[in-house]
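Student: coords please:
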Amino acid sequence: AGRLHVDAGLMDEIESVAQKIRKLHRDTPWHFSDMALILRNVQGYEKLLAPIFREYNVPLQVHERKKIIESGLGRFVHRLVELFLSEWQQEHLFPVMRSNYGPWTLEARDISEFERLCQSKNVLAGKDNWLKTAAEGVPAALSGALKWLSEFEQTLFDAASARSFRSECARRLHECIADSKGASGTDNTVLGAVDGLLARAGQQPAAEEFHARHFIEEFKRSLETGLFSQKLFGKNRVQVYDTVMAIPKEYCVVFILDLLDQAFPKAVNEDALFKDEERRALNGKDPVLEIRAARHAGERYFFYIAAT
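Tutor: So this is what the prediction gives:
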């Protein structure tokens, strides 16, 4: 049976839910993991939920899918790929060298001095140009970092097959985590997600010729759209989902938060660029542009899923 509760605001609503969950856990045989919270969109709520639920000693598992490139390791891997595809442009090289994820320890002062030296010589791109400038006399650690990057790139472009590419790329990235200063659990989760992207990349037919550059370009696109979800230790936690991730789940008790007009279900307005009538005309027999009615039906479906 469903019940509707009205609270003064979102913070009061979250606190009220935390109190009810704590009481249910105390007075019934249900575990925390038998209960769930559903939001239309989890993003942005984690910082509100965590401190209040912590105050009531209610453990949470927020199933928020985050972009790989929004994590520290994800940005590092993406910058590496951009560096190799851009002929070592300076805007990609120096962020990589300043990262804590490389298997090196570089002084910020040494990197800045090397950057100024290269600018004075008008060195803006090209692996050979960077290596040549470094040979004129830079700290050994900095020269070693450039050499590591050069060797990494060479092994990738020399790969004769997708399998050898994946193996070498994974080995080098795991080497970064092993040597990283203060690698976190999130880093290991992201690394697992990157391994998954590598495993799915380049799934061309066996008869098709392998091209390392095409593989790297596909890997870069996968990084830009890839998602990961952080898993916490211990299964006995209240599960927090957005409506899409909650579709195949069932729980003894479900709380639906932020049931406000225009928030859940979301308001669906006509697109500012094309009205629905114009979209229908452009779509013809092969629909490409989604019309307002379809989006509105999707919002009603998400609400129905959450409520049932």
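Student: count the neighbours of Gly72 for me.
Tutor: The local packing of Gly72 (other CB atoms under 10 Å) involves 17 other residues. Backbone N, C-alpha and C define where each C-beta goes, glycine included.
Student: pretty sure it is touching Arg79, no?
Tutor: No - the pair Gly72 / Arg79 is not scored as a contact, 10.9 Å apart, by CB atoms under 8 Å.
Student: shared neighbours of these two, which are they?
Tutor: Shared contacts of Gly72 and Arg79, defined by CB atoms under 8 Å, 6 or more residues apart in numbering, comprise Ser99.
Student: all helices of the stretch 101-250 of the chain, in order?
Tutor: Along the stretch 101-250 of the chain, counting by DSSP state H, counting those that start in this stretch, helices occupy 108-120, 127-134, 140-157, 162-179, 185-200, 212-225.
Student: redo those helices as CSV? Include mean pLDDT, distance to Glu13 and mean neighbour count.
Tutor: Converted to CSV, the helices of the stretch 101-250 of the chain look like this (pLDDT from 0 to 100; distance: least, CB to CB, whole Å; neighbours: other CB atoms under 10 Å):
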stretch, mean pLDDT, distance to Glu13, mean neighbour count
helix 108-120, 92, 46, 14
helix 127-134, 92, 55, 16
helix 140-157, 92, 50, 16
helix 162-179, 83, 40, 16
helix 185-200, 83, 28, 17
helix 212-225, 88, 33, 17
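Student: okay, those in JSON lines with distance to Lys66 next?
Tutor: Shown next, in JSON lines, are the helices of the stretch 101-250 of the chain (distance: least, CB to CB, whole Å):
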{"stretch": "helix 108-120", "distance to Lys66": "28"}
{"stretch": "helix 127-134", "distance to Lys66": "32"}
{"stretch": "helix 140-157", "distance to Lys66": "26"}
{"stretch": "helix 162-179", "distance to Lys66": "18"}
{"stretch": "helix 185-200", "distance to Lys66": "9"}
{"stretch": "helix 212-225", "distance to Lys66": "12"}
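Student: can you pull the phi/psi pair for the most far-flung residue of the chain relative to its centre?
Tutor: Most distant from the centre of the chain: Glu136, at 39.7 Å, with distances by CA atoms, centre = their mean. Main-chain torsions, Glu136, degrees, to the nearest 10: phi -80, psi -10.
Student: OK, contacts around the closest residue to it other than its chain neighbours?
Tutor: Leaving aside its sequence neighbours, Glu136 sits nearest to Leu117 (CB to CB, 6 or more residues apart in numbering; 7.7 Å). By CB under 8 Å, 6+ apart, the residues touching Leu117 are Thr133, Glu136, Val138.
Student: what sits against the first one?
Tutor: Contacts for Thr133 were tallied using CB under 8 Å, 6+ apart; they are Phe114, Leu117, Cys118, Lys121, Val123.
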